[in-house]
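1. please work out how this folds:
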Amino acid sequence: MRGRLTLGFALLRGLGLGALLLLLFNPTRSRPAATTTPPLVLLDASLSMRGTNGPWHAALDSARRLAGPGGGLIWRFGDDVTAFDTSPPAAGASRLAPALAAAGARGGPVVVVTDGVITDTLDLPADLRRRPRIVVLPRAPFFDAYVAAVDGPRRVSATDTIRLHVAYGAAGARAAITARTATLSVSSGGRRLTAHDVALPDSGALTTELIFPAARLATGWSALDVRLETAGDAEPRDDARRIAIDVSPQPSVVVIGAPPDWESRFFAKTIADVARVPVKVFVETEPGRWRDGATLAPVAGDAVARAAAGARLLALFGDPRRLATYRRRAGLIVWPLTGERAGDWYVDPPPASPLAGALAGIAWDSLPPALALADLPADSGDMVLLTARVARRGSSRPLAVLHDSAGARRVSVAAAGLWRWGFRGGAPGEAYRALVAAVTDWLLGTSAPGAGRVETLTTEAANGTPLRWRWTGRDVPRPLPIVLESPGGVRADTLRFDAQGQAVLRLPPDAYRWRLVDGTERGLVIVEEYADEWRPAAVTVAPQVGESGVGRVTVAARDGWWLFALAIAAFAGEWAWRRRQGLP
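-> The predicted structure follows:
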């Protein structure tokens with residue numbers, strides 16, 4: 001009896017001391033955090049979900065089942081994150097990262113239901129990628145021939161030749177009825193302009209060029225359809241791309257380089273971008289021999305003279321003696337590149353002039369210097385636009401001057417090497433664009449208040465992506481009512497600009513001729529039926545169980561009550577037992 005009592009005392013004492021040691025050292029362990037948050041289901045709502053063999057209805061049923069009857073949420077994701085509804089998918093991309101980031105802020109288990117084609121898989125952080133349970137419902141394989149891209153000029157004159165660079169390809173396994181060749185055609189308003197037979201690749205994309213005269217198009221904006229016609233194609237919605245082209249009777253801007261150099265090349269590229277008018281470039285590669293600046297095709301001298309006479313703005317680069325026959329009084333830019341004084345000519349902040357406001361805000365100290373500066377002929381009617389000093393020392397010399405006599409405006413620029421501003425990009429590139437835009441507006445007389453408040457950033461947009469406009473006015477951006485006319489009807493909307501001066505509109509596929517209600521701005525924008533999501537693509541995410549979604553917490557020994565209770569119970573039990581046995 002005494003031995004049993006001794007063993008019992010030892011057990012109680014050991015339990016108490018063991019509990020005290022655990023409380024003293026306080027070991028920790030990790031366990032899932034307790035939560036009652038219902039699951040969050042992220043449902044892929046990109047266009048691929050309702051494309052050929054798309055699993056939209058199965059994904060919708062799976063999302064509802066996974067959300068459960070206990071109050072689980074469903075969010076749609078594509079190019080952004082939206083609340084759940086049963087409308088067909090309309091997003092032109094499958095970006096999962098924003099949805100996972102928003103789900104992480106909410107907490108709780110996360111389930112992703114998708115066809116597996118995620119656009120931003122490589123951009124997903126490792127912790128976000130591990131967390132969700134992923135349910136993949138892949139599309140069944142199919143063959144698809146498609147037009148991947150179309151590139152070409154947006155503004156041409158009626159005498160130009162339009163060259164469209166077309167990328168086309170094929171994906172998926174061919175069936176017995178699948179043709180090995182196809183026809184690429186260009187049409188406008190249902191009228192075929194040109195066609196070309198091409199061979200379809202086994203996979204991937206090829207490029208070709210479609211050429212036709214601009215005279216086949218009506219003056220003004222036209223929507224061109226570039227279509228791939230083939231047999232055995234399971235997905236017809238990516239067989240065509242559309243491009244908007246503006247045709248003018250005569251080029252609004254003609255740039256002549258004699259001889260050609262980088263200055264005229266960068267000027268022509270920049271003025272076509274900022275002025276958004278047809279630009280024609282001619283270069284005199286040899287005395288008396290003219291070529292088209294874009295194609296280097298030979299051009300007759302009388303054709304150059306006619307284009308120069310009909311242009312609203314004429315820019316002459318090079319030797320003044322070789323260009324003397326093309327000088328005229330109105331809308332003229334003269335940029336002589338002879339007789340310069342070499343050196344590092346740094347441009348000073350502009351003095352007072354009609355264009356000083358348009359050049360405000362440029363960081364002039366950050367611009368690279370001009371390489372040389374020529375002497376400008378003195379004229380009492382000239383206004384100095386810009387000045388420069390060699391090595392920022394000595395007296396300033398005129399770099400650019402304005403001349404306005406009886407409405408006949410002319411700009412003379414004496415610097416060589418300003419093209420380096422546009423070549424460098426960044427702040428110098430923006431300064432070059434601002435200078436060209438200001439000079440162009442002044443020469444064309446488009447600087448009246450209220451003119452040119454907006455411009456389109458995207459003339460064409462793929463299905464499921466927005467059209468974008470940019471505020472270009474000199475006052476504060478404000479909402480602008482806009483009217484859009486299409487074969488499907490007329491709709492009114494409002495351009496609302498954000499802090500960056502951009503406005504977006506999401507429209508169904510169609511060609512829209514737009515105009516501002518309270519202005520003269522107008523143009524053509526196109527939302528294509530095409531989308532990358534229609535094409536078959538490899539699955540980029542695999543199914544996974546994922547983490548619990550509730551996170552883990554670190555628990556220390558002292559965080560629980562049971563060790564304290566065990567120590568107290570063990571020592572109290574030993575004391576009571578000893579007292580009952582009459583032991584001290």
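2. got a list of what the closest residue to Arg174 other than its chain neighbours touches?
-> Once flanking residues are discounted, Arg174 sits nearest to Phe143: 5.3 Å by Cβ to Cβ, 6 or more residues apart in numbering. (Each C-beta comes from the backbone N, C-alpha and C, glycine too.) Neighbouring residues of Phe143 by Cβ atoms under 8 Å, 6 or more residues apart in numbering: 170-175, 178, 232-234.
3. phi first, then psi, for Phe143.
-> phi -90, psi 140 (degrees, to the nearest 10).
4. run through the helices of the chain in chain order.
-> Secondary structure of the chain by DSSP state H: the helices cover 2-25, 56-67, 97-106, 126-130, 262-275, 301-310, 419-424, 426-444, 562-580.
5. and the third one, what does it pack against?
-> So the one you mean is helix 97-106. Helix 97-106 is packed against strand 40-44, strand 73-77, strand 81-83, strand 110-114, helix 126-130, with contacts defined by 3 or more Cβ pairs under 8 Å, 6 or more residues apart in numbering; DSSP states H and E.
6. distance between it and the chain's centre?
-> Here helix 97-106 shows a centroid-to-chain-centroid distance of 23 Å under the convention Cα atoms, centre = their mean, to the nearest Å.
7. okay, angle between that helix and strand 110-114 too, please.
-> Counting by axes from the mean of the first three to the mean of the last three Cα atoms, to 10 degrees, helix 97-106 lies at 160 degrees to strand 110-114.
8. before we move on, what about the fifth one?
-> Relative orientation of helix 262-275 and strand 110-114, computed by the same axes, to 10 degrees: 100 degrees.
9. now do helix 262-275 and helix 426-444, the angle between them.
-> Using the same axes, to 10 degrees: helix 262-275 against helix 426-444 is 70 degrees.
10. helices or strands up against helix 262-275?
-> By 3+ Cβ pairs under 8 Å, 6+ apart, helix 262-275 packs against strand 253-258, strand 279-286, strand 313-318, strand 332-336, helix 419-424, helix 426-444.
11. so can I have TSV of those showing distance to Thr208?
-> Putting the helices and strands packed on helix 262-275 into TSV (distance: least, Cβ to Cβ, whole Å) gives the following:
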stretch	distance to Thr208
strand 253-258	29
strand 279-286	25
strand 313-318	33
strand 332-336	37
helix 419-424	31
helix 426-444	32
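12. reformat those as JSON lines; add mean neighbour count.
-> Formatted as JSON lines, the helices and strands packed on helix 262-275 follow (neighbours: other Cβ atoms under 10 Å):
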{"stretch": "strand 253-258", "mean neighbour count": "26"}
{"stretch": "strand 279-286", "mean neighbour count": "21"}
{"stretch": "strand 313-318", "mean neighbour count": "24"}
{"stretch": "strand 332-336", "mean neighbour count": "22"}
{"stretch": "helix 419-424", "mean neighbour count": "19"}
{"stretch": "helix 426-444", "mean neighbour count": "20"}
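13. Ile256 is nearest to which of the helices of the chain?
-> For the helices of the chain, the distance to Ile256 is smallest for helix 301-310, at 6.7 Å, taking Cβ to Cβ.
14. contacts for the closest one, please.
-> 159, 250-251, 254, 256, 280, 282, 288, 290, 314, 325-326, 328.
15. for it, what is the average pLDDT?
-> For helix 301-310, mean pLDDT is 87.
16. before we move on, what about stretch 29-44?
-> 77.
17. for Leu200, find the nearest of the helices of the chain.
-> Using Cβ to Cβ, the helices of the chain put helix 56-67 closest to Leu200, at 28.6 Å.
18. so how far is the closest one off the chain centroid?
-> 32 Å.
19. could you export that helix as PDB, CA atoms only?
-> Provided in PDB are the C-alpha atoms of helix 56-67 (Å, rounded to 0.1, in the frame of the first residue of the first chain):
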ATOM      1  CA  TRP A  56     -19.500  28.700 -69.500                       C
ATOM      2  CA  HIS A  57     -22.600  26.800 -68.400                       C
ATOM      3  CA  ALA A  58     -20.700  24.100 -66.700                       C
ATOM      4  CA  ALA A  59     -18.500  26.800 -64.900                       C
ATOM      5  CA  LEU A  60     -21.700  28.600 -63.800                       C
ATOM      6  CA  ASP A  61     -23.100  25.500 -62.300                       C
ATOM      7  CA  SER A  62     -19.800  24.600 -60.600                       C
ATOM      8  CA  ALA A  63     -19.500  28.200 -59.100                       C
ATOM      9  CA  ARG A  64     -23.000  28.000 -57.600                       C
ATOM     10  CA  ARG A  65     -22.300  24.600 -56.200                       C
ATOM     11  CA  LEU A  66     -18.900  25.600 -54.700                       C
ATOM     12  CA  ALA A  67     -20.400  28.700 -53.200                       C
END
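20. relative to strand 110-114, how tilted is that helix?
-> Going by the same axes, to 10 degrees, helix 56-67 is angled at 170 degrees with respect to strand 110-114.
21. outline the domain layout of the protein.
-> 2-28+561-580, 40-139+540-553, 144-248, 253-444, 454-527 (automatic domain parsing).
22. between the ones you listed, which one is nearest to Glu533?
-> Using Cβ to Cβ, the domains of the chain put domain 40-139+540-553 closest to Glu533, at 3.7 Å.
23. which of the contacts of helix 301-310 sits closest to His403?
-> Arg328 (12.7 Å).
24. what's next to stretch 538-558, contact-wise?
-> Stretch 538-558 is contacted from outside by 22-23, 25-35, 37, 39, 96, 107-112, 114-118, 121, 130-136, 138, 563, using Cβ under 8 Å, 6+ apart.
25. quick one: buried ones out of these?
-> Among those, the ones that count as buried by 16 or more other Cβ atoms under 10 Å are 22-23, 39, 96, 108-112, 114-118, 121, 131-136, 563.
26. what about the closest residue to Leu100 other than its chain neighbours, neighbour count?
-> Excluding its sequence neighbours, the residue lying closest to Leu100 (Cβ to Cβ, 6+ apart) is Leu128, at 4.3 Å. Around Leu128 there are 17 other residues, counting by other Cβ atoms under 10 Å.
27. pretty sure Leu128 is touching Ala99, no?
-> No. Applying Cβ atoms under 8 Å, one finds Leu128 not in contact with Ala99, separated by 9.6 Å.
28. quick one: contacts for Val299?
-> Val299 touches 282, 290-292, counting by Cβ under 8 Å, 6+ apart.
29. scratch that, Val454
-> By Cβ under 8 Å, 6+ apart, the contact set of Val454 is 469-473, 480, 495, 503, 516, 521.
30. got a ChimeraX select line for the buried ones in these?
-> In ChimeraX, a selection of the buried entries from the contacts of Val454 looks like this (16+ other Cβ under 10 Å):
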select :469,470,471,473,480,495,503,516,521
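31. and the furthest pair within the contacts of Val454?
-> Taking Cβ to Cβ, no two of these sit farther apart than Arg470 and Leu516, at 13.7 Å.
32. what residues are up against the residue nearest to Leu100?
-> 97, 100-101, 104.
33. can I get those residues in a markdown table with distance to Pro201, pLDDT and neighbour count?
-> Listed next are the contacts of Leu128 as a markdown table, based on distance: Cβ to Cβ, whole Å; pLDDT from 0 to 100; neighbours: other Cβ atoms under 10 Å:
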| residue | distance to Pro201 | pLDDT | neighbour count |
| --- | --- | --- | --- |
| Ala97 | 32 | 93 | 17 |
| Leu100 | 36 | 91 | 22 |
| Ala101 | 38 | 90 | 13 |
| Gly104 | 42 | 81 | 17 |
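34. ok, the closest residue to Thr161 other than its chain neighbours - how many residues close by?
-> Distances taken as Cβ to Cβ, 6+ apart place Pro213 nearest to Thr161, at 5.7 Å, with adjacent residues excluded. For Pro213, the neighbour count with other Cβ under 10 Å is 14.
35. could you do the one 10 residues further on as well?
-> Neighbouring residues of Ala223 were enumerated by other Cβ under 10 Å; the total is 19.
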